[in-house]
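**Student:** Below is the sequence, then the predicted model.
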Amino acid sequence: MVYTYQPLTGPRSIRLLSFDSETSSSDLIRVQLEIVDLDSIPGYWALSYTWGSPVPSSSPSSSPLTKHEILCGGESFLVGSNLYDFLKRFNGSNRVFWIDAICINQDDISERNAQVSIMVWIYSKAEGTFIWLGESDDTSVRSLDLLVKFAEAKKKLGEDHDKVLRRRWDFNDVEFYAAVGMEPWSQEDWKVLLDFYSRSWFRRQWVMQEVIANDQAVVFCGNQGMPWPYFMDLTQFLIPQRWVGEIMALESRFHKAGSPASITSTYDFIGLLDRKNLGPTKPSTEILLSILSDYQTDSQRFDAFVLYTVYRMRGREATVAADHVYAPLSLASKCKGENDPYQRWTTARLLFRSIEISLFT
């Protein structure tokens, strides 16, 4: 029997997923869904992942069209390959998760739109965000090892890390490695890292919201995991140093990988939360809107924010075309009222047209 969703109980209710404790290794993965009120601050982790293949080139077995059966409440439920890999990895965990493909009834357009409108709250109220980059391979294992080494070297620098890392260094300068206390990285190390940055997650439309909304994030690739700040340490060093172009020049195949755009866009938006520049904890939306302080009214700032973020995120990927608008709208949710003109449209064409009318008239 195919799984049948129970309706949500209110505008801020969500479903949470837990693994069935009776699942054995020989069984189908078994999960349960529970409806809770978001404002009750339930303990859960929100999953950030890609619906399709986690890597740019994939085998047919990892095609986004491939579906795998699990049991949800004892009934059949189909999930994509990348999500199935995550569920296999964490099957039996006592953690509770919010996972969009399962916790939202994707066949109910009204529910889906309502849940998208509170997406930033779903992530911000979670205990943290699980970032799932897909199953590991030789490239990812080596890359995560390099990222951890850099983060640990930065930590050992203590209060001197800003002085050392903000100094302009020539690419792969041996003096740089001596200054940070690391063994020099080879050209192959940098190629591996760039290949790692080309994973599909870095090009997703929803990445910005999912990471900015909650500062307790953990990155997982296969069975390897590390805190999100460890990942960002290298990113925050690479961009201002302008080393990405140098890394790209190491091998021509990376010119088509899209990796520099992935690194740059990730850094641009995560950098907005640098507390040294933006002060103590502020809601993400307020931080972003403060950049647009020249605009006089909330409505003007909201429209400017939408236009700016739609432009900055224009090259990112989304399964649903309307998400190119709903993603930035989700971040701006604190500014949205009941009369938000974008909420009522259910097709991408009408949604884009409504934004054009609102922003430019």
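**Tutor:** Arrived safely. Numbers count the residues shown, from 1 in each chain.

**Student:** Wasn't K191 part of a strand?
**Tutor:** No. Per DSSP: H, G, I helix; E, B strand; the rest coil, K191 lies outside any strand segment and is helix.

**Student:** And the pLDDT for it?
**Tutor:** Note on K191: pLDDT of 86.

**Student:** That one against L250, yeah?
**Tutor:** Yes. Under the criterion of CB atoms under 8 Å, K191 makes contact with L250 at 5.6 Å. Just so you know, the C-beta spots here come from the backbone N, C-alpha and C atoms, and that holds for glycine as well.

**Student:** Please name the nearest non-neighbouring residue to D39.
**Tutor:** R12 (5.8 Å; CB to CB, 6 or more residues apart in numbering).

**Student:** Need the residues that contact stretch 175-189.
**Tutor:** Residues outside stretch 175-189 that contact it (CB atoms under 8 Å, 6 or more residues apart in numbering) are 142, 146, 149-150, 153-154, 156-157, 164-165, 169-170, 172, 174, 250.

**Student:** are any of those residues buried, and which?
**Tutor:** Buried members of the contacts of stretch 175-189, counted by 16 or more other CB atoms under 10 Å: 142, 146, 149-150, 153-154, 164-165, 169, 172.

**Student:** of all those, which two lie farthest apart?
**Tutor:** R142 and V164 (24.4 Å; CB to CB).

**Student:** so where's the stretch 1-150 of the chain uncertain?
**Tutor:** 23-26, 57-65 (pLDDT under 70).

**Student:** how does it look with 90?
**Tutor:** 1, 21-27, 41-42, 51-66, 92, 113, 116-121, 124, 138-139 (pLDDT under 90).

**Student:** Kindly report the same for the stretch 201-350 of the chain.
**Tutor:** For the stretch 201-350 of the chain (pLDDT under 90), the answer is 201-216, 228-350.

**Student:** cutoff 80 now
**Tutor:** Applying pLDDT under 80 to the stretch 201-350 of the chain flags residues 203-209, 211-213, 239-240, 242, 244-350.

**Student:** other SSEs contacting whichever strand or helix holds I239?
**Tutor:** Per DSSP states H and E, I239 falls inside helix 228-241. Under the contact definition 3 or more CB pairs under 8 Å, 6 or more residues apart in numbering; DSSP states H and E, helix 228-241 sits against helix 138-157, strand 217-221, helix 259-270.

**Student:** what's the second one in contact with?
**Tutor:** In this case it means strand 217-221. 48, 86, 89, 128-136, 140, 144, 211, 225-228, 230-231.

**Student:** Just the ones of the residues you listed in helices?
**Tutor:** The members of the contacts of strand 217-221 that map onto helices under DSSP state H are 86, 89, 140, 144, 211, 228, 230-231.

**Student:** who's I14 bridged to?
**Tutor:** According to DSSP bridges, the residues that bridge with I14 are V36.

**Student:** thinking again about what came up before, got the buried residues for the helix holding I239?
**Tutor:** Buried, per 16+ other CB under 10 Å, within helix 228-241: 228, 230-239, 241.

**Student:** Break down the stretch 51-200 of the chain into its helices, ranges please.
**Tutor:** Along the stretch 51-200 of the chain, counting by DSSP state H, counting those that start in this stretch, helices occupy 81-90, 100-103, 109-117, 119-124, 138-157, 161-165, 174-180, 187-197.
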